[in-house]
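Peer 1: Coordinates for the following, if possible.
(chains A and B)
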Number of protein chains: 2
Amino acid sequence: MNIKPDCLVCLYNQALKTTKLLELDDKKSAEILFEVAKILPNYSLNFTPPQIAKDTYALIEKLTNNPDPLKVSKENSIKQAKAFKPFLYKKLEQSKDKLLTALKIAVAGNVIDFGAQKQINLEKLLNEIFDTDFKIDFYKALKTKLNSAKKVVVLGDNCGENIFDVILVDTLKQLYDIEVFYFVRGKPIINDVTIKEANESDMKKFATIIDSGVPTPGYDLNYASEYSKAIFEEADVVISKGMGNFESLYKVTNKEVFYLFIVKCNVIAQEINCGIKDLILMK
Amino acid sequence: MNIKPDCLVCLYNQALKTTKLLELDDKKSAEILFEVAKILPNYSLNFTPPQIAKDTYALIEKLTNNPDPLKVSKENSIKQAKAFKPFLYKKLEQSKDKLLTALKIAVAGNVIDFGAQKQINLEKLLNEIFDTDFKIDFYKALKTKLNSAKKVVVLGDNCGENIFDVILVDTLKQLYDIEVFYFVRGKPIINDVTIKEANESDMKKFATIIDSGVPTPGYDLNYASEYSKAIFEEADVVISKGMGNFESLYKVTNKEVFYLFIVKCNVIAQEINCGIKDLILMK
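Peer 2: As a prediction, the model looks like this:
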């Protein structure tokens, strides 16, 4: 999905938010914003948002001399997400449709901005998600596909969210006779899950973790390793988490992909004719 | 008041909002955003927000080949504001403290984003403002100053708001034996009031309209005409409307200025230790 003019402002704002998260002083923060402004005109409307984000975050890494600027933030998100595992597994136990509940759990992980909200609000938020239907709903199609699937790829997105993905993959493995491949980014980019965080989770019990090779906050086939692309192409089912993977693959790949995410911006809302905060399971 | 890193993103976002108001297509809108990005690194944290806004809007004028891009928007705001005059004059008649009510009307003009809201909501909003106290309140000091004043300067801000300012100036003239000078921008900049819109209002019945000469969306002494600066310096009371004038004068001039505005952004909220949406009458 190509950028809209709005994405330029959003990417610029994300750079500002990162400087705040890193608690940089005004001088350093302004230096980063001036440098990011310098590179924005290098793009065109033919780029995807993650392709530009790759470069703006690379600048932040360079100017802060830090190869993983959001490391602490990611660790906090994972810690906070882990605290919800008993609650989520209980939800799953009580559920009649375990696949649907596991998908809701996985999308909930994409909804939550871990670290931004207090735990007490998160439980309320999670319950709201369980009570909300997908606005675009290809659940039946996904279920049918899974019945005959052998190889399933799940494209990971953010840290924190990756802990909720473990529950989805665990459930998939219990329900279907499948092999699961969990794709992660090739290097630290924003707060996205990399091989490091995936290996530190229980994901390795249920899935083969694949370093996709991408330096983008989305599974971009231009940057993906040949190894990961082969697995992606061979998969019977691909479940893509979050907006970044959607932005990188939507209208790019011919492969059938099930996109599981919450709509967080107007550009995507308009693209798929939905509203902000809508839960999406589309293909 | 110097910019904070946040202002860079805000100014960039304002450029986007302007392209939307002008209903430009994505290509033109992106062209403007790429060009604005190119000039942002030319500044430092020693600039004021209106100084940068001057240049970003000059770019928009150039790239749209339109010397007054928000002309229609300004006209609509003025039309909408005029519809409230009977309601506001009635409020004033019923009021026991006419100066306070007139100041509230003038700050209400700064609160309202004319054109963005429906009329029915505006009446509700206006009544809320009449029921809200100033968060920083130098009303008594202003009243004392006015008692002995001969020359009063009012620094105009936006179109639409300028219609509400007429009621303030009309009231000041009724209550005090004063001469009033109403300052406007030296050229079209964003939706700010210029000599054209001021002359088309009833302001000329009550005040001498002064073309301040500034190309900035704030009364910036670096750009102000010598003529306007002389009047500014000689004034016994200066009432400055809106954030732009505040940003241009606060911590810059030694002249005592009464700033009348609503807090619309976090940078100013932090600067004066207030919250977003607080009504301010400070000096």
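
Peer 1: can we go C-alpha only for contacts and neighbour counts from here?
Peer 2: Fine.

Peer 1: buried ones in the helix or strand bottoming out on mean pLDDT in chain A?
Peer 2: Every helix and strand of chain A was ranked by mean pLDDT, DSSP states H and E. The lowest is helix A:119-130, at a mean of 82. For helix A:119-130, the neighbour count (16 or more other C-alpha atoms under 10 Å in any protein chain shown) marks A:122, A:125-126, A:129-130 as buried.

Peer 1: The closest residue to residue A:104 other than its chain neighbours: what's it in contact with?
Peer 2: Nearest non-adjacent residue to residue A:104, counting by C-alpha to C-alpha, 6 or more residues apart in numbering or on different chains: residue A:130, 6.3 Å away. Counting by C-alpha atoms under 8 Å, 6 or more residues apart in numbering or on different chains, residue A:130 touches A:101, A:104-105.

Peer 1: separation between residue A:130 and chain B?
Peer 2: Noted for residue A:130: a distance of 34 Å to chain B, by C-alpha to the nearest C-alpha, to the nearest Å.

Peer 1: buried stuff in the helix or strand where residue A:17 lies?
Peer 2: Using DSSP states H and E, residue A:17 maps to helix A:5-21. Neighbour counts using 16+ other C-alpha under 10 Å place A:5-16, A:18-19 of helix A:5-21 among the buried residues.

Peer 1: what about whatever helix or strand comes next after that helix, near chain B?
Peer 2: Later in the chain than helix A:5-21, the nearest helix or strand by DSSP H and E is helix A:26-39. Yes - counting by C-alpha under 8 Å from any C-alpha of the partner chain, chain B has neighbours in helix A:26-39: A:26-27, A:29-30, A:33-35, A:37-38.

Peer 1: list the contacts for the closest residue in space to residue A:229 that isn't next to it in sequence?
Peer 2: Spatial nearest neighbour of residue A:229, chain neighbours left out: residue A:221 (7.3 Å); criterion: C-alpha to C-alpha, 6+ apart. Residue A:221 sits next to A:229, A:248-249 when contact means C-alpha under 8 Å, 6+ apart.

Peer 1: If you rank these by neighbours, which is first?
Peer 2: residue A:248 (24 neighbours; other C-alpha atoms under 10 Å in any protein chain shown).

Peer 1: Pretty sure that one sits against residue A:3.
Peer 2: No - when contacts are counted by C-alpha atoms under 8 Å, residue A:248 is not listed as touching residue A:3 (10.5 Å).

Peer 1: what's the helix or strand for residue A:280?
Peer 2: Going by DSSP H and E, residue A:280 is in strand A:279-282.

Peer 1: strands paired with that strand, and their directions?
Peer 2: Using DSSP bridges, the strands paired with strand A:279-282 are strand A:136-137 (parallel), strand A:258-262 (antiparallel).

Peer 1: most tightly surrounded among the ones you listed?
Peer 2: Among the strands paired with strand A:279-282, strand A:258-262 has the highest mean neighbour count (mean count of other C-alpha atoms under 10 Å in any protein chain shown), at a mean of 25.

Peer 1: Flag every buried residue along the next helix or strand after that one.
Peer 2: Counting by DSSP H and E, the next helix or strand C-terminal to strand A:258-262 is helix A:266-271. Buried residues in helix A:266-271, counted by 16+ other C-alpha under 10 Å: A:267-269.

Peer 1: Just put the residues of helix A:26-39 next to chain B in TSV and tack on pLDDT.
Peer 2: Converted to TSV, the residues of helix A:26-39 next to chain B look like this (pLDDT from 0 to 100):
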residue	pLDDT
A:26	97
A:27	97
A:29	98
A:30	98
A:33	98
A:34	98
A:35	98
A:37	98
A:38	98
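
Peer 1: just the buried members of the residues you listed?
Peer 2: Buried, going by 16+ other C-alpha under 10 Å: A:26, A:29-30, A:33-35, A:37-38, out of the residues of helix A:26-39 next to chain B.

Peer 1: Tell me the one of these nearest residue A:78?
Peer 2: In terms of C-alpha to C-alpha, no member of those lies closer to residue A:78 than residue A:29, at 26.2 Å.

Peer 1: Spell out the residue ranges of the helices in chain A.
Peer 2: A:5-21, A:26-39, A:49-64, A:71-82, A:85-94, A:98-111, A:119-130, A:139-147, A:161-175, A:195-199, A:203-206, A:226-234, A:242-249, A:266-271 (DSSP state H).

Peer 1: Comparing those helices by mean pLDDT, which bottoms out?
Peer 2: Lowest mean pLDDT within the helices of chain A: helix A:119-130, a mean of 82.

Peer 1: What parts of chain A come near chain B?
Peer 2: So chain A meets chain B at A:4-6, A:8-9, A:12-13, A:16, A:26-27, A:29-30, A:33-35, A:37-38, A:40-41, A:44-45 (C-alpha under 8 Å from any C-alpha).

Peer 1: how does it look with 6 Å?
Peer 2: A:5, A:9, A:13, A:30, A:34, A:37-38, A:41 (C-alpha under 6 Å from any C-alpha of the partner chain).

Peer 1: Those residues: which two are farthest apart?
Peer 2: A:5 and A:30 (22.1 Å).

Peer 1: For chain B, what is the nearest residue in the stretch 151-283 of chain A?
Peer 2: In the stretch 151-283 of chain A, no residue comes nearer to chain B than residue A:267, which is 11.9 Å away by C-alpha to the nearest C-alpha.
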